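**Q** The sequence isn't on hand, but the structure is:
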DNA sequence: GATCGGTTTGACCTTCCGGTTAAGACCTTC
DNA sequence: GAAGGTCTTAACCGGAAGGTCAAACCGATC
């Protein structure tokens, strides 16, 4: 009887975590295409067969990585929502948490985007969590967007998320066209943060006085 | 001496176009991962070797497909910009053209997103065009966003593009969480269109009277 | 020191990938 | 109908992928 090879649940062994971390590092460096049992094992300095011994399959390993990302993300957002304040302040808090998390977890966006746009095998997982996070965020936004239709909370959520997420995806990919500064530098990120906050203020303003 | 196998320039043969179209159809159905010389050939009903006979390599075929998408997209945007009107009207026109193009070319977004987020082999091509389109759009937006910093034209462009693009990427991926209606139905798309227009109006409003 | 369990490894299997090649089919043109 | 280019195909190659397996390792326990 194996101890680690229980593939129905997630193994919590040191080795298993080590492989998970190796996969995450690899994802950040080489993208999703660079992920393979061979590559993960090499990165962790062990034999390829260990990946299957601890995780059963590459699919389960990658899915676990995805779940870990989502768990961290949802916790970050929930914590941000727990802070008291006016509705506007709470939205600003949410944005900050969102940006902070993206900044600290560069591989997260990559794998999610990859799955969604590439009809990847883990799409159901992504789908489920996208729904969950929409509920979290839309619950707050519904407070300031009573109307249905064009200003429905789901639209606001999607746009908010889009403005945050696409910065990390596209600003670095624009190269010199973005500007002289590195989009991932502290000052650039602060500028983007200010932009998103400004947009939200514009929303609030326009919702209050749509002239 | 070959006639079609001139791999330095793009072949314009019927067969070559047929393979290109097959690749595009395949991209829409199965995503970028589903693309392979084998799959493209099978889809077109011909032998795999023809892909290499006409295109030299799968990389060149896919790159040509990408270039074709971008050429169409840039033409659509340029045409939209040629329409006369107030600044606000022209921005609304630009949004409409953007949305129309995305709606009509579902594979486009998929391959671009895939390349950018997956550090794909065609990233340089994407990078170049992202820069070009930024110039096109930012040139217009600069007229209404004089300020540097948080409201710089490049931020407005990125946010605009994000709100359009992410709808097609994420709304369908949210499943039931998005709502009862199919996000790609005519009425849903019209609602999204109204949303983006509303956001732009909010921007203009807030730029004029930032209180 | 023999045994026993969990751990680790190298060697191997199948499948699919991009790509090549030699030969056959086809279609003009003389 | 022979010639010669164009088009198309089956067969093949090397490499890398996911995955399996039996054997070797190794630290406990008796």
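**A** Yep, that arrived. Being a predicted model, the structure only gives us computed values, none of them experimental. Residues are numbered from 1 along each chain as shown, chains lettered A, B, ... in the order given.
**Q** alpha carbons only for contacts and neighbour counts from here, please
**A** OK.
**Q** what's the longest helix in chain A?
**A** Determined from DSSP state H, the single longest helix within chain A is helix A:58-82.
**Q** and that helix, how far from the chain's centre?
**A** Mean C-alpha position of helix A:58-82 versus that of the full chain (C-alpha atoms, centre = their mean, to the nearest Å) differs by 8 Å.
**Q** ditto for stretch A:81-99
**A** 17 Å.
**Q** Equivalent analysis for stretch A:85-102, please.
**A** The answer for stretch A:85-102 is 15 Å, by C-alpha atoms, centre = their mean.
**Q** If you count neighbours, what's buried in it?
**A** By 16 or more other C-alpha atoms under 10 Å in any protein chain shown, the buried positions in stretch A:85-102 come out as A:88, A:90-99, A:101-102.
**Q** Filter the residues you listed down to the ones in helices?
**A** Within the buried residues of stretch A:85-102, residues falling in helices by DSSP H are A:88, A:90-99, A:101-102.
**Q** Dump those residues to TSV, plus pLDDT and distance to DNA strand D.
**A** Below are these laid out as TSV (pLDDT from 0 to 100; distance: C-alpha to the nearest atom of the strand, whole Å):
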residue	pLDDT	distance to DNA strand D
A:88	93	45
A:90	95	42
A:91	96	40
A:92	96	40
A:93	96	39
A:94	96	36
A:95	97	35
A:96	97	35
A:97	97	33
A:98	97	30
A:99	98	31
A:101	98	27
A:102	97	26
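**Q** And those residues, which two are furthest apart?
**A** The two members of these with the most space between them (C-alpha to C-alpha) are A:88 and A:102, at 21.4 Å.
**Q** if we can go back for a sec, distance to residue B:49 added to the ones in helices among the buried residues of stretch A:85-102, as TSV?
**A** Below are those laid out as TSV (distance: C-alpha to C-alpha, whole Å):
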residue	distance to residue B:49
A:88	60
A:90	59
A:91	56
A:92	56
A:93	56
A:94	53
A:95	51
A:96	52
A:97	51
A:98	48
A:99	47
A:101	47
A:102	44
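**Q** need the helices for chain A, in chain order.
**A** Using DSSP H, the helices of chain A run over A:14-30, A:37-44, A:49-55, A:58-82, A:87-104, A:106-117, A:123-141, A:153-170, A:186-208.
**Q** Nearest to residue B:54, out of the ones you listed?
**A** Residue B:54 lies closest to helix A:106-117 among the helices of chain A, at 28.0 Å (C-alpha to C-alpha).
**Q** For residue A:25, grab the count of nearby residues.
**A** Residue A:25 has 17 neighbouring residues, counting by other C-alpha atoms under 10 Å in any protein chain shown.
**Q** wait, what's in contact with it?
**A** Contacts for residue A:25 (C-alpha atoms under 8 Å, 6 or more residues apart in numbering or on different chains) come out as residue A:107.
**Q** ditto for the one 3 residues further on
**A** Residue A:28 is in contact with A:106-107, A:110, counting by C-alpha under 8 Å, 6+ apart.
**Q** Check residue A:129 too.
**A** residue A:70.
**Q** quick one: it from residue A:62, how far?
**A** According to C-alpha to C-alpha, to the nearest Å, residue A:129 stands 15 Å off from residue A:62.
**Q** Also residue A:20?
**A** Applying C-alpha to C-alpha, the value for residue A:20 to residue A:62 is 8 Å.
**Q** Same check on residue A:197?
**A** Residue A:197 is 34 Å from residue A:62, by C-alpha to C-alpha.
**Q** re the thing from before, helices and strands around the longest helix of chain A, which ones?
**A** Using 3 or more C-alpha pairs under 8 Å, 6 or more residues apart in numbering or on different chains; DSSP states H and E, the elements in contact with helix A:58-82 are helix A:14-30, helix A:49-55, helix A:87-104, helix A:106-117, helix A:123-141.
**Q** So which elements touch the third one?
**A** When contacts are defined as 3+ C-alpha pairs under 8 Å, 6+ apart, helix A:87-104 sits against helix A:58-82, helix A:123-141, helix A:153-170, helix A:186-208.
**Q** which of those helices sits most buried?
**A** helix A:153-170 (a mean of 22; mean count of other C-alpha atoms under 10 Å in any protein chain shown).
**Q** Just want the angle from it to helix B:123-141.
**A** Counting by axes from the mean of the first three to the mean of the last three C-alpha atoms, to 10 degrees, helix A:153-170 lies at 120 degrees to helix B:123-141.
**Q** tilt between helix A:153-170 and helix A:186-208?
**A** Computed by the same axes, to 10 degrees, the angle separating helix A:153-170 from helix A:186-208 equals 160 degrees.
**Q** Excluding its own residues, what touches helix A:153-170? List them.
**A** Residues contacting helix A:153-170 (C-alpha under 8 Å, 6+ apart): A:95, A:98-99, A:102-103, A:109, A:134, A:137-139, A:141-142, A:145-146, A:184, A:192, A:196, B:116-117, B:158-159, B:162-163, B:166-167, B:170-171, B:178, B:192, B:195.
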